[in-house]
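Asks: Here is my input, please return the structure:
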Amino acid sequence: MGIFGKWLGGGLGFVMGGPIGGLLGFLVGSMVDSATGQTTTTTRSIGTTQGDFGMSLLVLVAAVMKADGKVVKSELDYVKQFFVSQFGKESAKQALLMLKDILKQEIPVRDVSLQIGRNMDYSSRLQLLHLLFNVSLADGRIDTSELNIIEKISGYLGVASADFLSIKNMFIPETDSSYKILEIEPSSTNDDVKKAYRRMAMKYHPDKVNHLGDDFRKTAEEKFKKVNEAYEKIKKERNMV
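Replies: Residues are numbered from 1 along each chain as shown. This is a model prediction of the structure:
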């Protein structure tokens, strides 16, 4: 069954309806029929499931890839590598086929993002943003149009501006980026730095997305590592112990 069987096993809830369901349409319906051997029915699962996250990721990845008016091979290669590392070669092949189908369609970014924001838990939404930046950077640079669409998606998802800026600085370092990752000012005291680190470490801890399964939990470790690196850099600059 590959990736889709795995996601189905983890549940497909809110993505089967609304604008996301409209985009996935026949493809998801035939996938469910093939995997279960039964007639497709729309069910509402409680909380964010692995299937909800995976399908939402594919749709938003397609929106970002289309933002600059072209879809480059490096972006497709990154998506392929991501799914290979998470689910294996056969599953990656299936995911790319579905992504290519979505890329052919007009994606209502606002409506799709609002649907995700209403139904997906906050930690999973932060993880989606992190992965969107990863895809955008796959060709070596984040195009302005791609950054703009990710920022819009972030707003529609209901992500706090400070959290967006934190994740953005993990990929596009600005002045005092380490402080922005920890969501504090350079004028903060050492105690404030320590408190901010504990707060951000808790917010971005991989355990926060345990409900998405081991596969998606792996991708959260990168974000957690960036928080630790920012903290260590500040400690070194301040000679903190």
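
Asks: For Met200, which non-adjacent residue is spatially closest?
Replies: Val227 (4.9 Å; Cβ to Cβ, 6 or more residues apart in numbering). In this view, the C-beta of every residue, glycine as well, is placed from N, C-alpha and C.

Asks: What is the burial count for the one you found?
Replies: Applying other Cβ atoms under 10 Å, we find 23 residues neighbouring Val227.

Asks: Show me how far the one helix or strand it maps to is from its chain's centre.
Replies: For Val227, the element it lies in under DSSP states H and E is helix 214-238. Taking Cα atoms, centre = their mean, to the nearest Å, one finds the center of helix 214-238 at 16 Å from the center of the full chain.

Asks: Name the residues of it that come out as buried.
Replies: 215-217, 219-220, 223-224, 226-227, 230-231, 234-235 (16 or more other Cβ atoms under 10 Å).

Asks: quick one: least confident of those residues?
Replies: Going through these one by one, the lowest pLDDT turns up at Asp215, 69.

Asks: can I assume Arg125 is in contact with Ala160?
Replies: No - because the distance of 10.3 Å does not satisfy Cβ atoms under 8 Å, Arg125 is recorded as not touching Ala160.

Asks: quick one: which of the two has more around it?
Replies: In this comparison of Arg125 against Ala160, neighbours counted by other Cβ under 10 Å, the higher total goes to Arg125 at 22 against 13.

Asks: what's the nearest residue to that one if we skip its chain neighbours?
Replies: Distance criterion Cβ to Cβ, 6+ apart; nearest residue to Arg125, sequence neighbours excluded, is Leu157 at 4.8 Å.

Asks: what sits against that neighbour?
Replies: If a contact means Cβ atoms under 8 Å, 6 or more residues apart in numbering, then Leu157 has Ser113, Ile116, Gly117, Met120, Arg125, Leu128, Leu129 as its contacts.

Asks: what's the burial count for Ser161?
Replies: Burial measure for Ser161: 10 neighbouring residues, criterion other Cβ under 10 Å.

Asks: Same check on Gln105?
Replies: Other residues lying near Gln105 total 14 when counted by other Cβ under 10 Å.

Asks: 75 is where my numbering starts, stick with that
Replies: I'll keep to 75 as the first residue from here, and by that count the last item is Gln179.

Asks: and it, what is it in contact with?
Replies: With the criterion set at Cβ under 8 Å, 6+ apart, Gln179 makes contact with Leu97.

Asks: Tell me the predicted confidence for it.
Replies: Listed pLDDT for Gln179 reads 88.

Asks: does it sit in a helix, a strand or a coil?
Replies: Assigned by DSSP: H, G, I helix; E, B strand; the rest coil, the conformation of Gln179 is coil.

Asks: Backbone dihedrals for it, both of them.
Replies: Torsion angles at Gln179 (phi, psi; degrees, to the nearest 10) stand at phi -100, psi 160.

Asks: does the residue nearest to Met274 really touch Leu256, like I thought?
Replies: Yes - in terms of Cβ under 8 Å, Val301 counts as a neighbour of Leu256; the distance is 7.1 Å.

Asks: Now for those two: what residues contact both?
Replies: Tyr271, Met274.
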